[in-house]
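Asks: predicted structure and sequence below. I'll ask about it afterward.
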Amino acid sequence: MNTILTNLKDEFLALIPNILISILVLGIGYLLARLVKYGVSRLIGYIGRIAARKFKSIDFKHAGSFIGTAFFWLIILSSILLITDIFGLTVLTNWFERIIQYVPNVLAAILIIFAAIIIGNLAADLIKSVSERFGLEYGPNLGRIAQFLFLLVAIIVAMDQIGIEITFLINIIDIVLAAILFGAALAFSLGARTSISNILAAYYVRKIYKEGDEVQIGDVRGRIIKIDATSVVLDDEKGQVTIPAKEFNETKSFLISKS
């Protein structure tokens, strides 16, 4: 019995240096992880504040916190890996090595999605501003569609980066996109050309006339109340008249008086 206790005592005393080194490694790793997390969060927050001066829709606050936390746990896992190596725990060391080797792919996938969200927001803002310039009422909807497409592509690329099989998903997306394109082509052939003609004509009408101008087109004479995305609204003796914008290209119009 005394021999067993003596052996246990000797083994414990032999482990004390490793235990002290492990505590030191874990402490340093924790402090370093906290420092990196704070630095990354502050850096991304600073970049977000600079970007927000030009693009109000961009908010990096949550992204900075998330990425900082990811780096925090990456450093903690690296510290644990070093501790398992100090104690000679080969099985745990190999397991943690596989996890850490997988982490960069996960971080890359997160950054891809993060970048897609930023680019999607920028594209949405650009589409919205261009739509407002041309008087298109459905600009915000087009912006949201662009955001969704950017995010969808990013998710597919991120899944591939992680190593998830995406062939089946890509096939489904190909079918959906083909159906959407076919529907868009059908809609265009059934009347979208008229809408596009009105949209383009409305843009040029704004260059010639302004709201409040008194004009005459054909037999209609009145004051322009509104020039929207596809038509011009006049106020004549009988009431309000809505005229398709393309009529101003196909029929002579006259400016009677300016607003």
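Replies: Happy to help now that I have it. Residues are numbered from 1 along each chain as shown.

Asks: how near is residue 19 to residue 76?
Replies: If you measure residue 19 against residue 76 using CB to CB, to the nearest Å, the figure is 18 Å. Using the backbone N, CA and C atoms, a C-beta is placed for each residue, glycine as well.

Asks: who has more neighbours, those two?
Replies: residue 76 (16 against 13; other CB atoms under 10 Å).

Asks: tell me the domain ranges of the chain?
Replies: Per automatic domain parsing, the structural domains of the chain span 2-182, 210-257.

Asks: and the end-to-end length of the shortest one?
Replies: Looking back up the chat, that one is domain 210-257. End-to-end distance for domain 210-257: 11 Å, by CA to CA, to the nearest Å.

Asks: which secondary structure element of this protein has the lowest mean pLDDT?
Replies: When the helices and strands of the chain are scored by mean pLDDT, DSSP states H and E, helix 167-187 comes last with a mean of 67.

Asks: what element comes up after it heading to the C-terminus?
Replies: Later in the chain than helix 167-187, the nearest helix or strand by DSSP states H and E is helix 193-208.

Asks: for that next one, which helices and strands make contact with it?
Replies: Contacts defined by 3 or more CB pairs under 8 Å, 6 or more residues apart in numbering; DSSP states H and E place helix 193-208 against helix 90-134, strand 220-227, strand 231-236, helix 247-250.

Asks: what do you get if the cut-off is 10 Å, keeping everything else the same?
Replies: When contacts are defined as 3 or more CB pairs under 10 Å, 6 or more residues apart in numbering; DSSP states H and E, helix 193-208 sits against helix 90-134, strand 220-227, strand 231-236, strand 239-244, helix 247-250, strand 253-257.

Asks: looking at the second one now, give me its mean pLDDT.
Replies: Summarised as a single mean, pLDDT over strand 220-227 is 88.

Asks: show me which residues of that strand are buried.
Replies: Of the residues in strand 220-227, those buried by neighbour count under the rule 16 or more other CB atoms under 10 Å are 220, 222-224, 227.
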